[in-house]
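# fold the following for me, if possible:
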Amino acid sequence: MAQQDLVIVTGASGFIGSALIERLAGRYALVGFDRAASGEPPPAAECVCIDLTSEGAVKSAFERVRIAYGRRIAAAILAVLLAWRIAAKLRDAHRSATVPA
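Numbers count the residues shown, from 1 in each chain. Sure thing, here's the model as predicted:
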């Protein structure tokens, strides 16, 4: 059996990150990057506790992923960035649908 492509999701235990993991489960190998205090991502993802503001922590987390999964990463998804983009699109759609008085 071929190895699944790897997807890393930041904010994996949050609302958007966990929903994304649930959606991708079974199609990809999943790793969730999140703060230790944030809780656990869905069981479909391996949890890597990380402080994304620390360069050393980020390097260590990616080294851990490289050892476990190899160098090939299909995608790294920043759940908070995804949420921000969705909110902006909804806001823009609302503005364009608003009829001037």
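# which SS class is Cys47?
Secondary structure for Cys47, judged by DSSP: H, G, I helix; E, B strand; the rest coil, is strand.
# just use 23 as the starting number from now, easier for me
In the new numbering, first residue 23, that becomes Cys69.
# quick check: it touching Asp56?
Yes: Cys69 is within contact range of Asp56, at 6.6 Å (criterion: C-beta atoms under 8 Å). The C-beta positions use only the backbone N, C-alpha and C, and glycine is treated the same way.
# who touches both of the two?
Residues touching both Cys69 and Asp56 by C-beta atoms under 8 Å, 6 or more residues apart in numbering: Ala34, Ser35, Pro63.
# partners of Glu68 in the sheet?
Val53 (DSSP bridges).
# retrieve the pLDDT associated with it.
Looking at Glu68, its pLDDT stands at 90.
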